[in-house]
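Novice: what's the 3D shape of this:
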Amino acid sequence: MSEALEEMYLFGEEKMEKAISQMKREFASVRTGRANPNVLDKVVVDYYGAPTPIRQMAQVSVSEGTTLVITPFDKSIMKDVEKAIIKAELGVAPNNDGTCIRLNFPPLTEERRKETAKDVKRFGEDAKVAVRNVRRDMVDSLKKIEKEENMPEDAVKDNQDKIQKLTDKYVGIIDSLVVEKEKEVMTV
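Specialist: Numbering: from 1, shown residues only. Sure, this is the predicted structure:
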């Protein structure tokens, strides 16, 4: 196999891995009825003029499985943290007791579980689209390599099959992760 082909496969596989990593990050922010510190990943507080993620400025822990306890390292920013949580629209109201902020996650309703499952499917579809776009880019690269190196037709066909198998592998991984996350969301 030529160096250009090897590089194309490595680059393509790396991009497909990134699509799955992005989907997993999206999954982490999905509420499942249990408290998960990852729901705070997108919450930023204006801390001395710099947007700072909550998890960098406070200790976040899970209490009793359904409550997140946020204890800022600097008590003077309690109000700012509280405002940032409200602004992020997490679907839970913060309770500030002066030393820490508690977020109580109520169990999800059946309707909300179904909506969340739809979100999970959408994240999965987005990841599949990203993987298919990588496949398209790889096929385009293969065509360029074919012209540059005068590849025989059967070698081109073999490489196209190999690209498709790689794509199918990653689509399969995405499908299994989506099914797993849906099951987690639908479990009461």
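Novice: From now on I want contacts and neighbour counts done on CA atoms only, so please keep to that.
Specialist: OK.
Novice: low-scoring stretches of the protein, by residue?
Specialist: Residue ranges of the chain with pLDDT under 70: 1, 31, 33, 188.
Novice: what about the strands in it?
Specialist: 44-47, 50-53, 58-63, 67-72, 94-96, 101-104 (DSSP state E).
Novice: what's the spacing between the most centrally placed residue in the chain and P53?
Specialist: Centroid-nearest residue in the chain, with CA atoms, centre = their mean: R25, separated by 2.2 Å. Distance, R25 to P53, using CA to CA, to the nearest Å: 15 Å.
Novice: Wait, A19 touches A130, no?
Specialist: Yes. Taking contacts as CA atoms under 8 Å, A19 lies within contact range of A130: 6.1 Å.
Novice: Those two: who's more crowded?
Specialist: Between A19 and A130, A19 has the larger neighbour count (other CA atoms under 10 Å), namely 21 against 17.
Novice: Tell me who's in contact with that one.
Specialist: A127, K128, A130, V131 (CA atoms under 8 Å, 6 or more residues apart in numbering).
Novice: nearest to D140, of the residues you listed?
Specialist: V131 (14.3 Å; CA to CA).
Novice: and the closest one, how many neighbours?
Specialist: V131 - counted by other CA under 10 Å - has 26 other residues nearby.
Novice: And for E149?
Specialist: Neighbour number of E149 under other CA under 10 Å is 10.
Novice: where's it relative to V134, distance?
Specialist: 22 Å.
Novice: And the nearest residue to V156 once chain neighbours are set aside, how far from A155?
Specialist: Closest residue in space to V156, ignoring its immediate chain neighbours: E146 at 7.0 Å, by CA to CA, 6 or more residues apart in numbering. For E146, the distance to A155 (CA to CA) stands at 9 Å.
Novice: more crowded one of those two?
Specialist: E146 (16 against 12).
Novice: wait, the more buried one sits on D154?
Specialist: No. E146 is not in contact with D154 according to CA under 8 Å; the separation is 11.1 Å.
Novice: Output the strands of the chain as JSON lines; include the columns distance to M78 and mean neighbour count.
Specialist: Below are the strands of the chain laid out as JSON lines (distance: least, CA to CA, whole Å; neighbours: other CA atoms under 10 Å):
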{"stretch": "strand 44-47", "distance to M78": "10", "mean neighbour count": "18"}
{"stretch": "strand 50-53", "distance to M78": "14", "mean neighbour count": "13"}
{"stretch": "strand 58-63", "distance to M78": "10", "mean neighbour count": "16"}
{"stretch": "strand 67-72", "distance to M78": "7", "mean neighbour count": "22"}
{"stretch": "strand 94-96", "distance to M78": "8", "mean neighbour count": "16"}
{"stretch": "strand 101-104", "distance to M78": "8", "mean neighbour count": "22"}
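Novice: and those strands as JSON lines, adding distance to L142?
Specialist: Shown next, in JSON lines, are the strands of the chain (distance: least, CA to CA, whole Å):
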{"stretch": "strand 44-47", "distance to L142": "43"}
{"stretch": "strand 50-53", "distance to L142": "42"}
{"stretch": "strand 58-63", "distance to L142": "48"}
{"stretch": "strand 67-72", "distance to L142": "50"}
{"stretch": "strand 94-96", "distance to L142": "54"}
{"stretch": "strand 101-104", "distance to L142": "52"}
